[in-house]
Every structure is written in structure tokens, then in C-alpha cells.
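**Student:** I would like the atomic coordinates for the input below:
(chains A and B)
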Amino acid sequence: EDKVVQSPLSLVVHEGDTVTLNCSYEVTNFRSLLWYKQEKKAPTFLFMLTSSGIEKKSGRLSSILDKKELSSILNITATQTGDSAIYLCAVAGTTSGTYKYIFGTGTRLKVLA
Amino acid sequence: NAGVMQNPRHLVRRRGQEARLRCSPMKGHSHVYWYRQLPEEGLKFMVYLQKENIIDESGMPKERFSAEFPKEGPSILRIQQVVRGDSAAYFCASSQGGVLAIQYFGAGTRLSVL
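**Tutor:** This is a model prediction of the structure:
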């Protein structure tokens, strides 16, 4: 059965710290891995990683895909209180001609001032 | 607003009533996905639709739940005879389709069943 596992489940840090969030997967016919940030509303898209784009960076956030280890990490440097959110990892795979996202349970990050 | 629009944001129903959740995809998107999220859990895929077609409903319970995406108008997720266990946040996402299309999410509908 396809699955996506995120760790840690929750994390509390202080402003300025660097955090690393993990996502590992077992998904049929892997196509892409996506990171979303979810505050008290819609999950917002952060990054998409594919076989041809295994590293992405935007400001203080960066992400790497390790296809050999079937995993990805999301790094946030110099954390701010506004980074407090649930970070969701989703992996897209294809089955029977259609594709779907399998989501992990998320990592709940709290950044203290 | 060109984003994915869901309404209502909050819906309260008594056991046995029907719940209708609406989703208008982002402009230019013809693919819609519905997910359910329980507290402390991730998003669980329910159903994937294109205009007038259900592509994949493998995540949707066989009874009481149905979804449609008509030629005109929003996508509707319908839950008949709701039970307390249906209480959850229901998110809709849309995309342009294609294997590497990014799904963009609406703000969700929080259903509470009394």
C-alpha cells in the first residue's frame, strides 16, 4: 500500500533556529513530491520536486529529493514565528492511468518568539 | 479572486441530514480533487473529477457520499444522512491536469455533525 511518512510529528523551536523536516515514501510509479504549508486555512504550495528537479530553494526554505532513499527534507533557516504551521508532504504517483497525491500526516512546527 | 473557492466555510448539520459542499476551481482548471482531513491527520484523498466525469473515486465511501462536477457550475460533494463520524474538514483542490500539475487548495469546509 502506498504511504508517506513524515517526521517529526511536531517540533517546537525558537526564532532563529534552523529546522529540518523529513518525508519518506513508498508510492507506486513515483512522479513528484510536493511540500505544502498549512496554517488555519488552505494548504499553500511551497515546492515540487521531480526526477529532473531534485533541489529547490526559496528564501529561507529549501528542499532536496533523494530518489535513492525515497525521501525528502525541507529545511527552514532563521525561523520566524510566521513559520509556525503544519508542513505537509505529498507524493504523486500513477496507478491505472490516473495519478493522485498521497499525503503524510504533516509536521506541526511551532516557532517561539 | 482567482483562487479555489469553497463554500460554505463552516457547516453544521444534525445526524441524518444532508450536507452539500461546493467547490469552484481556479480559473482555467478543469480537474478537481476532494480530500478529507480529520484532526491530527493528513489529507485523505476522496475523489478526482474532471468536467462531467468521475476519474477516480477510490477514496470515497461507497454509501452516502457522492460527488459531481457538472459542465456548468461548481463541483459538489454530497453527504447524505450524515453521522458524527463525518465531522471533518473537507478540502477541494484544482489543477490543470497532467502528471506534473500542481494542485491548489481551497480554504476548506469544516463540517460539524451534532
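
**Student:** Let me know the helix or strand that residue 40 is in.
**Tutor:** Since no chain was named, I'll use chain A. Following DSSP states H and E, there is no helix or strand that holds A:K40.

**Student:** nope, chain B
**Tutor:** Short version: B:E40 belongs to no helix or strand, going by DSSP H and E.

**Student:** Next up, the contacts around it.
**Tutor:** Residues counted as contacts of B:E40 (C-beta atoms under 8 Å, 6 or more residues apart in numbering or on different chains) are A:T105. C-beta coordinates here come from the backbone N, C-alpha and C atoms, glycine included.

**Student:** Centre-most residue in chain B?
**Tutor:** Taking C-alpha atoms, centre = their mean, the centroid of chain B lies closest to B:W34, which sits 3.6 Å from it.

**Student:** Secondary structure class of that residue, three-state.
**Tutor:** Classification of B:W34 by DSSP: H, G, I helix; E, B strand; the rest coil places it in strand.

**Student:** That one contacts B:A88, doesn't it?
**Tutor:** No - with contact defined as C-beta atoms under 8 Å, B:W34 does not reach B:A88; the gap is 11.4 Å.

**Student:** for chain B, what are the nearby residues on chain A?
**Tutor:** Residues of chain A lying close to chain B by C-beta under 8 Å from any C-beta of the partner chain are A:4, A:6, A:31-32, A:34, A:36, A:41-45, A:48, A:50, A:88, A:90, A:92, A:94, A:98-106.

**Student:** Give the PyMOL command for selecting the buried subset of these.
**Tutor:** Of the residues of chain A next to chain B, the buried ones can be selected in PyMOL as follows, counting by 16 or more other C-beta atoms under 10 Å in any protein chain shown:
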select buried, chain A and resi 4+6+31+32+34+36+42+43+45+48+50+88+90+92+99+100+101+102+103+104+105+106
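
**Student:** Would you mind pulling the contact partners of stretch A:6-14?
**Tutor:** Here stretch A:6-14 has contacts from A:19, A:21-24, A:79, A:87-89, A:104-113, B:42, using C-beta under 8 Å, 6+ apart.

**Student:** The nearest residue to the residue nearest to the centre of chain B once chain neighbours are set aside: neighbour count?
**Tutor:** Closest residue to B:W34 apart from its sequence neighbours, by C-beta to C-beta, 6 or more residues apart in numbering or on different chains: B:M46 at 4.4 Å. For B:M46, the count of nearby residues is 21 (other C-beta atoms under 10 Å in any protein chain shown).

**Student:** That'll do, ta.
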